[in-house]
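>>> mind looking at a prediction? Sequence and model below.
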Amino acid sequence: MGDIGASKGRTIAPNSNPTTPNSPDFVITVRLNNNDTSSGVTKRPNLLVVKTIAHEVIHAEMFRKLLSVLDNGGNITGVTRQDVLDALDGNFPGMYDYFMRHKNWQHQQMATHYREALARILQEYDTGLAVPDNQQPAQLYMDLSWEGLIYENGDNAIYTWTSLPEDEKERIEGVISTYIEDNLNENCSE
């Protein structure tokens with residue numbers, strides 16, 4: 001937990017920030033926001049805090065895979081783009097592809113390949129029942145899985161999001177906003 005400004009959560013790779021050092025053995029920190037803004041855990045519905053935790057754990061796993069092939073003692077400081085490309089090539093081809101094609105590669109890969117996993121986590125947490133392997137999660141959970149992956153502009157744009165029809169994007173944003181408004185007071189962690 002920590003005050004991380006407007007972010008809902010943050011994943012910190014080992015030794016990537018001198019003010020928040022980590023151990024050199026691939027220990028990756030997931031930090032949730034505990035400030036008193038709408039991004040803080042006490043101001044968000046529990047289900048969306050769960051979504052943030054799952055989202056950050058996916059980031060942590062991406063960092064773990066990356067660090068496992070860098071073979072430099074678990075330190076991401078000073079690693080160049082070419083170091084990452086050399087390490088990923090032949091080891092994690094999916095990550096390599098996204099790293100090559102997208103500036104915001106982790107969010108792009110998550111939006112394209114991990115939203116259903118996020119939705120499954122949300123539905124199971126909310127209902128107490130696992131989603132059968134042969135079924136997609138309910139639309140509510142698929143929509144909520146977009147929170148934290150909606151990037152429209154510039155280098156951070158997520159083409160999985162920007163390629164959706166405008167009415168679909170508006171519907172999803174409405175579902176997220178309505179869910180937050182309807183569940184803010186009764187479901188927030190205190």
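Arrived safely.

>>> and residue 95, how far from residue 106?
9 Å (Cβ to Cβ, to the nearest Å). Yep, even glycine has a C-beta here, placed from its N, CA and C like the rest.

>>> identify the contacts common to the two.
Residues touching both residue 95 and residue 106 by Cβ atoms under 8 Å, 6 or more residues apart in numbering: residue 62.

>>> so who does the residue most central in space within the chain touch?
Nearest to the geometric centre of the chain sits residue 55, at 3.1 Å (Cα atoms, centre = their mean). Taking Cβ under 8 Å, 6+ apart, we find residue 55 in contact with 9, 110, 118, 148, 149.

>>> nearest to residue 60 among those residues?
residue 9 (10.4 Å; Cβ to Cβ).

>>> the closest one: how many residues sit nearby?
By other Cβ atoms under 10 Å, 21 other residues sit near residue 9.

>>> make sure it is actually in contact with residue 54.
No - the criterion here is Cβ atoms under 8 Å, and residue 9 misses it with residue 54 at 9.8 Å.

>>> does the residue nearest to the centre of the chain lie in a helix or a strand, and which?
Element membership of residue 55, judged by DSSP states H and E, is helix 46-70.

>>> mean confidence score for that helix?
In this model, helix 46-70 carries a mean pLDDT of 87.

>>> go on, stretch 29-42?
For stretch 29-42, the mean per-residue pLDDT is 89.
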